[in-house]
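Peer 1: Predicted model follows, preceded by the sequence.
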Amino acid sequence: MHKELERQLAEYLGVEYISLFANGTLALITALQALNITGEVITTPYSFVATTHSIFWNKCTPVFVDVEPNYFNIDPAKIEAAITEKTTAIMPVHVYGNPCDVEAIQQIADKHHLRIIYDAAHAFGVKKDGVSILNYGDLSVLSFHATKIYSTIEGGAVICHSQEMKHHIDNLKNFGFRGETVVEEPGINAKMNEVQAAYGLLSLKYIDEAIAKRKQIVEKYREELKNLSGISFLPEQNGVEYNYSYFPVFVDEAQYGMSRDALYEKLKAANILGRRYFYPLISTFEPYKELPSSQNLTIAQKAAEQVICLPLYPDLENENVERIISIVKQ
Ligand SMILES: *Cc1c(COP(=O)(O)O)cnc(C)c1O
């Protein structure tokens, strides 16, 4: 079932090689291992904490670069200033499934001989000009955690671009075993199990329907909230096929007349659970806050203080969408 799910996912996603993992974090850690990444890795503070942890677990130093103000992805214009002779890789994140500026990042990587590992945990099924966003960079990593749009309960994957690399990654996730008596590499146990794969084969049948339902809800949120003073949301990029993973809104306290946290509490009092993705910034957490690069991440900091993701799941009933909208409008 593991192999069958790899086959079906490669076809569904439009990628050539995919290797399934027990979860997204192990997939990130193994992706860095697969490319022998050492030294410093440039990344974004505006993500889920596992992005940075995966760098740390490889005994590398994370170097934070601020995000751009349109989609809150890593700002390519600020990457070069962060490169030192120790830099070996860039780990950007397609935040909320909005593609990073993949061309600009590739140009920088080519110029400085760096590898690119995309944390694509939010980008399942996302396409740019008809091509899967997972085909950019050296490797891309997915998460199939229950909170993501496509789930195997827990799970993850690494997407790569050659048979040799897939062989290497498959070794690394399964103790390095090839057959019963041969160990080719010092691997870990990070493979997806058969129960996860069985669940994934079933849930793949419903993914298109789930994305379509999410899209309807997002369109309603956009329509109803578009003229609300102090509430903004991300524009859509031309030529991108979205997966509608999240619906983040950004609260400008002065204009809206209430802080993001006050709105969060108000929704919570009505039993509506918004999520502050991503708050606090990774660079403010205990293990990372003393890093030199953790200072002056002003655009990311502002986004973290203003963001709240409104509830979004395929079976969210229309009357509840309306209830959420009316509370945000009040
Ligand atoms: C969910 C997520 C991860 C971690 O994936 P797990 O499957 O939960 O280990 C990593 N990065 C980002 C951006 C995520 O959203």
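Peer 2: Yep, that arrived.
Peer 1: Please list the residues of the protein that sit near the ligand.
Peer 2: Where proximity means Cβ under 6 Å from any ligand atom, the interface of the chain facing the ligand comprises 23-25, 47-48, 50-51, 93, 119, 121-122, 143, 145, 154, 156. Any C-beta I mention is one placed from the backbone N, CA and C, and that applies to glycine too.
Peer 1: change it to 8 Å
Peer 2: Residues of the chain lying close to the ligand (Cβ under 8 Å from any ligand atom) are 23-28, 47-48, 50-51, 54, 93, 95, 119, 121-122, 141, 143-145, 147-148, 154-156, 277.
Peer 1: ok and the residue in this protein nearest the ligand?
Peer 2: As assessed by Cβ to the nearest ligand atom, the ligand sits closest to Gly24 within the chain, at 2.6 Å.
Peer 1: is it true that Ser19 lies in a strand?
Peer 2: Yes - per DSSP: H, G, I helix; E, B strand; the rest coil, Ser19 lies within a strand segment.
Peer 1: Just the buried ones out of the residues of the chain next to the ligand, please.
Peer 2: For the residues of the chain next to the ligand, a burial check counting by 16 or more other Cβ atoms under 10 Å picks out 23-28, 47-48, 50-51, 54, 93, 95, 119, 121-122, 141, 143-145, 148, 154-156, 277.
Peer 1: Give me the pLDDT for Gln330.
Peer 2: pLDDT for Gln330: 89.
Peer 1: burial measure for it, as a count.
Peer 2: 7 (other Cβ atoms under 10 Å).
Peer 1: measure it to Val93 for me?
Peer 2: Going from Gln330 to Val93 by Cβ to Cβ, to the nearest Å gives 33 Å.
Peer 1: Sketch out the strands for the stretch 151-300 of the chain, chain order is fine.
Peer 2: 156-160, 177-178, 182-183, 231-233, 240-241, 247-251 (DSSP state E, counting those that start in this stretch).
Peer 1: again, but for the stretch 1-150 of the chain
Peer 2: 17-21, 40-43, 61-64, 87-91, 115-119, 127-128, 131-132, 139-143.
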